Each structure stands twice: as C-alpha cells, then as structure tokens.
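Chemist: sequence plus predicted model, see below.
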Amino acid sequence: MISGFSGAGKGTVISSMRKQHDGYVLSVSMTTRKPRKGETDGVEYHFVTNEVFEELIRNDGFLEHAGYADHYYGTPRAFVEENMNAGRDVLLEIEVQGAMQIRKKYPQVPLIFIAPPDAAELERRLTGRGTDQEEVVNKRLRQAVVEAEAIPDYDYLLINDHIEPCAFSLNRIIRGTEDADHDAEEMQSPAEGGEIITDPEKKKAFASSFSADLPAILERRGIIS
Ligand code: 5GP
C-alpha cells in the first residue's frame, strides 16, 4: 500500500522497482477524473463516469474508494483478490483515506508513504510536471497539508530523493517484511538516497517540518492569505 503526495514521483519509483524485480502486479484504479495527456484508459486508470463508479460502489465492487480533488478514485476488488489468491505481490497506489480503509481490512499490509525531501521540492515537482493547470497544482498543494499530517500513521516513510535507491528501498520494505527484521539500519540501501524512516519520532518530525513549510508556499501562490 503506497501513498504519497500526488505528482511527487511515486509512480516513477514504482515503475522503476517493477522493472528491476519480477512478480509485482499494480492494481489499476478506477477514477472519474479526466485522462491527462499521455494517459490511456486501462493503463494508468480505468476512466469512468460518475454513474458507472457509483453503480460499482452499490455492488460492493471496491476494496476501498475515496473522494479526492473533486473526483472519485477506487480500487476494483476483483483484480486485487484474484492476484492475491494467486500469491502475487499486489501494489496499491492510493491516497490517505483509502489507505486507512485498507489498514482496517488488511492490517498485515505494510503502509508506505513516499515523500520528496521537503515541501519546496514538492512544489518544484508539481509545477515541473507541466501537464496540470495552476489551479490543479494549487489544489494538490492544499491537499498536501492534510496528507502530511497522516505520515505518522504509515509504517514506513520513504524519502524520494533519487529514483533508483528509492526503488531499491521500496522493494526491500515489501519483500523484506516476511523474513527480515524491521531494523531501519539494516534496510538502508547501499547507494546514497532512498532513506527509510520507521522511527515514530522521526516520522512525526518530518511531517511537522513539512506542515510548517507548506503555509508559506500556499501564501506565496496566493492560495491562502
Ligand atoms: P492522480 O489524479 O494524480 O492520478 O491521483 C490523485 C490521488 O489519488 C493520488 O494520491 C493517488 O495515489 C490516489 N489514487 C489513485 N488511485 C486510487 C484509488 O484507487 N483509491 C484511492 N483511495 N486513491 C487513489
């Protein structure tokens, strides 16, 4: 179960990890948001209407679903259950509300939060993507305030400073959980970067400094005054 600020590079880390390690399956979520440039239906998401989404909610077709930035997002149940039953490692890339629903249903699933090193870097990555309008970027930055607060609820905070070491660390977290102990030092990647933080105080400190830096960014962008 992987969360992170939208647009901060977690998708890139996940695909890098999957290129290096076999046996991972990525759950393709359903959403009511419109496809971005370059996105294909059935690849990044199943893009559907509100009506289709709500019908699936009524039929208990989602493992979890949430409202995020004015749209629905959800994890179709059948695909995940089939792959789990076949013994595969299924990756869910979902936001905070959905993560907490999964925690309740599958308490053994590791919750991982991937974050850029600091709030300034988050803004750089969001604006650097270039495919979203300013309004969308601003909305995601506002959302980041709430998301940062949830970081201490995750088992692992993974710092996404460099893609390769971060992908290495992600695999270590997931594949190492069965037999390795959770000692953070043992789980350090050999290359620089991709730090894994499990210490509750350190997670809290990271979340607090992120939350402390965001208001100034929102203010400069004219989002809050
Ligand atoms: P984006 O629109 O940038 O692709 O995604 C927005 C947010 O929705 C991201 O934080 C992403 O992880 C989350 N998300 C994607 N799919 C799902 C899902 O199936 N369920 C939930 N709860 N969140 C999702």
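Modeler: Yep, it's here.
Chemist: mind checking the SS state of Ala66?
Modeler: strand (DSSP: H, G, I helix; E, B strand; the rest coil).
Chemist: assign the residue of the chain found nearest the ligand to helix, strand or coil.
Modeler: Evaluated by C-beta to the nearest ligand atom, the chain has Gly98 as its residue closest to the ligand, separated by 2.3 Å. Placement of C-beta: from N, CA and C, glycine included. Per three-state DSSP, the secondary structure class of Gly98 is helix.
Chemist: any idea of the mean pLDDT in stretch 100-108?
Modeler: For stretch 100-108, mean pLDDT rounds to 93.
Chemist: let's see that stretch as PDB, backbone CA atoms only.
Modeler: Output in PDB follows, covering the C-alpha atoms of stretch 100-108 (Å, rounded to 0.1, in the frame of the first residue of the first chain):
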ATOM      1  CA  MET A 100      -6.800   3.900   6.200                       C
ATOM      2  CA  GLN A 101      -9.700   1.800   4.800                       C
ATOM      3  CA  ILE A 102      -7.200  -0.900   3.700                       C
ATOM      4  CA  ARG A 103      -5.400  -0.800   7.100                       C
ATOM      5  CA  LYS A 104      -8.700  -1.800   8.700                       C
ATOM      6  CA  LYS A 105      -9.400  -4.600   6.200                       C
ATOM      7  CA  TYR A 106      -5.900  -5.900   5.800                       C
ATOM      8  CA  PRO A 107      -3.900  -4.900   8.900                       C
ATOM      9  CA  GLN A 108      -0.900  -7.000   7.800                       C
END
